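Peer 1: Model the structure of this input:
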Amino acid sequence: MNYDAIIIGAGLGGLTAAAKLAKEGQKVLVLEQHDVPGGCATTFQRKKFHVEAGLHEMDGFRSGIKKKIFDELGIPQHVHFVPIPEFYRIIWKETDFVFPENPNEAKEKLKKMFPDETAAIEKYFRFVTGLGREIENLPRTKKEKRFKKPLFPLFYPKLVRSTLNTAGGFMDKLFHDERLKMILLGNASYYHDDPYELSLFYFAAGQNSYFSNGSYFIKGGSQKLSDYLMNFIREQGGEVLLRQQVTSILTENGNAVGVTYRENRKKETDIHEVRAKTIIANAAVPRIAEELLTGEAAQNLRQQTQNMKAGPSIFTVYLGFKKPPKTIGNRHYSTFVVDDSVESTKDLASNAKASFDQRSFVFVDYGMVDSGLAPEGKSVGVICTMDDAKEWQNLDKKAYRQKKEESISLLMKRLEKVLPGIEKITEYKEAATPLTIERYTLNPGGSPYGYAQTLDQSARKRLPVKSTVPGLYFASAWSSPGGGFSGAILSGYTCALSVLHQQKKTIG
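Peer 2: Take a look at the predicted model:
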């Protein structure tokens, strides 16, 4: 059977692309190797707990392109988004700061705390919000591009500046107080593990989206969003097949024309072949180049991406509580704990590779909102920290399990210092390493971020959704605009628009 589009993978990027194409009347087939859709946007059951696998908080959709996407796909009417009460709390040495959800309140609070930095604080918030407005006003049509391109630096000064600076470098230029820099970079680990590599464009654009649209959790967990998109695709006449692993992308005369796939997790199974006008890869680009493509197509993609660096991975401790942590004094949804061994923001990169008794972490308490993840009177949470798959490779099963248990113990003891009594109310704990993420998502090194959002790989050198292979497109954290839930959704939607535009041009 032939299709208009075959989508490899049912992560948020693939689901969004398929949903848009199906809505436009395209005949789509989604092939997902796991037994549930969503990729990192998923939950799993442990005892009576629904455990959230990936989502801490998601920037909202009150305005901008994401509002358009959500409204078009009917998401707000079917998926319940719960507002987060504050942006985040950060603890570092003597500093204990709660960043308000409202950016104006945050600005005033920071000015009172750092009166000598008042002008710089005003400048920071003007830059972040101004960058957001410039991004929203970017030229979309050919006419706009012809008119605005010659005056680009004049129309978009903040956008241009953001592509020339790292987040850490920008903070150093603006501020003198290390505490202030640490507060403003408090959630930088949501983007990358080194603020002095992290693109200012990507960081500031993301922060502005939180400032402008708020922070939310999906009630019932991110699986609700993934399931809704899968069902939406099916209602529009599309197909979504789970437990089906794509084994190759077929090419003819240099064009992508189809895929082969088999039922996953079976040693002996039939190989199926299906064809389509368009192939959309919601999969890790390095894997596509090494495992799915062959010949000149694979070589060209490897050459295009050979110098690109993948983002870091994550170590997560999932926790189930006998009673909510607020009963023992917790008052905040997400708390970033920066280790005392960190002397300045310049130490954050090396600290991300430190031992677990010193590595900084974030504790997310889903019980602070109506998360829908736990039975009445109970709660769930996570401890999350940067990690590297290399730390877990080449270990036998016994050593691997032992390292996991030791890492869980170290992080729990450190959380106990921040929130005394947390260990006593914990009845379930389990860890996911980078190898866990790699196993379930097939992302090399277990990187949920895709390509790292460094200065060179963000605004300057993003991998476009349209590949160098005719007929092959990308829709994931590995392609423009980058990682995160919103990044994957935007990538999927942009990919679908690119496919529709190409088809229209071909017919015309």
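Peer 1: okay, CA-based contacts and neighbour counts for the rest of this
Peer 2: Will do.
Peer 1: Now do the same for residue 495: helix, strand or coil?
Peer 2: Residue 495 falls in the helix class when you classify it by DSSP: H, G, I helix; E, B strand; the rest coil.
Peer 1: show me the contacts for the nearest residue to it once chain neighbours are set aside.
Peer 2: Spatially, and ignoring its direct neighbours in sequence, residue 495 is nearest to residue 465 (5.5 Å; Cα to Cα, 6 or more residues apart in numbering). Residue 465 sits next to 473, 474, 475, 479, 480, 491, 494, 495, 498 when contact means Cα atoms under 8 Å, 6 or more residues apart in numbering.
Peer 1: mind running it again at 7 Å?
Peer 2: By Cα atoms under 7 Å, 6 or more residues apart in numbering, the contact list for residue 465 reads 473, 474, 475, 479, 480, 495.
Peer 1: Now compare those residues and name the two farthest from each other.
Peer 2: Largest separation among the contacts of residue 465 by Cα to Cα: 473 and 480, giving 11.1 Å.
Peer 1: Could you identify which of the contacts of residue 465 has the most neighbours?
Peer 2: Using other Cα atoms under 10 Å as the neighbour test, those are led by residue 475, with 39 neighbours.
Peer 1: where along the stretch 1-150 of the chain do the helices fall?
Peer 2: 12-23, 64-72, 103-113, 118-136, 142-148 (DSSP state H, counting those that start in this stretch).
Peer 1: er, the stretch 301-450 of the chain I mean
Peer 2: Along the stretch 301-450 of the chain, counting by DSSP H, counting those that start in this stretch, helices occupy 348-351, 397-418, 434-441.
Peer 1: between the ones you listed, which one is nearest to residue 288?
Peer 2: Closest to residue 288 of the helices of the stretch 301-450 of the chain, according to Cα to Cα: helix 434-441, at 13.4 Å.
Peer 1: can you pull the buried residues of the closest one?
Peer 2: In terms of neighbour count (16 or more other Cα atoms under 10 Å), helix 434-441 has its buried residues at 434, 435, 436, 437, 438, 441.
Peer 1: contacting residues around the fourth one?
Peer 2: So that's residue 437. residue 446.
Peer 1: hmm, 10 Å instead?
Peer 2: Contacts for residue 437 (Cα atoms under 10 Å, 6 or more residues apart in numbering) come out as 39-40, 53-54, 313-315, 389, 443-448.
Peer 1: In JSON lines: those, plus distance to residue 503 and neighbour count.
Peer 2: Output for those, formatted as JSON lines (distance: Cα to Cα, whole Å; neighbours: other Cα atoms under 10 Å):
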{"residue": "39", "distance to residue 503": "28", "neighbour count": "28"}
{"residue": "40", "distance to residue 503": "31", "neighbour count": "21"}
{"residue": "53", "distance to residue 503": "37", "neighbour count": "20"}
{"residue": "54", "distance to residue 503": "35", "neighbour count": "22"}
{"residue": "313", "distance to residue 503": "37", "neighbour count": "26"}
{"residue": "314", "distance to residue 503": "39", "neighbour count": "24"}
{"residue": "315", "distance to residue 503": "42", "neighbour count": "24"}
{"residue": "389", "distance to residue 503": "40", "neighbour count": "20"}
{"residue": "443", "distance to residue 503": "30", "neighbour count": "24"}
{"residue": "444", "distance to residue 503": "32", "neighbour count": "20"}
{"residue": "445", "distance to residue 503": "35", "neighbour count": "24"}
{"residue": "446", "distance to residue 503": "34", "neighbour count": "26"}
{"residue": "447", "distance to residue 503": "33", "neighbour count": "27"}
{"residue": "448", "distance to residue 503": "31", "neighbour count": "29"}
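Peer 1: who's in contact with residue 411?
Peer 2: For residue 411, the contact set (Cα under 10 Å, 6+ apart) comprises 316, 317, 356, 357, 358, 359, 360, 361, 383, 384, 385.
Peer 1: for residue 78, that is, sorry about that
Peer 2: 224, 225, 228 are the contacts of residue 78 under Cα under 10 Å, 6+ apart.
Peer 1: out of these, who has the most neighbours?
Peer 2: Within the contacts of residue 78, neighbour counts (other Cα under 10 Å) peak at residue 225, which reaches 25 neighbours.
Peer 1: helices and strands of this protein: which one has the lowest mean pLDDT?
Peer 2: helix 142-148 (a mean of 46; mean pLDDT, DSSP states H and E).
Peer 1: quick one: the helices in the stretch 151-300 of the chain?
Peer 2: Counting by DSSP H, counting those that start in this stretch, the stretch 151-300 of the chain has helices at residues 152-155, 157-162, 167-174, 178-184, 200-213, 223-235, 285-287, 295-305.
Peer 1: Residue 410 contacts residue 358, doesn't it?
Peer 2: Yes - assessed by Cα atoms under 10 Å, residue 410 is found in contact with residue 358 at 9.2 Å.
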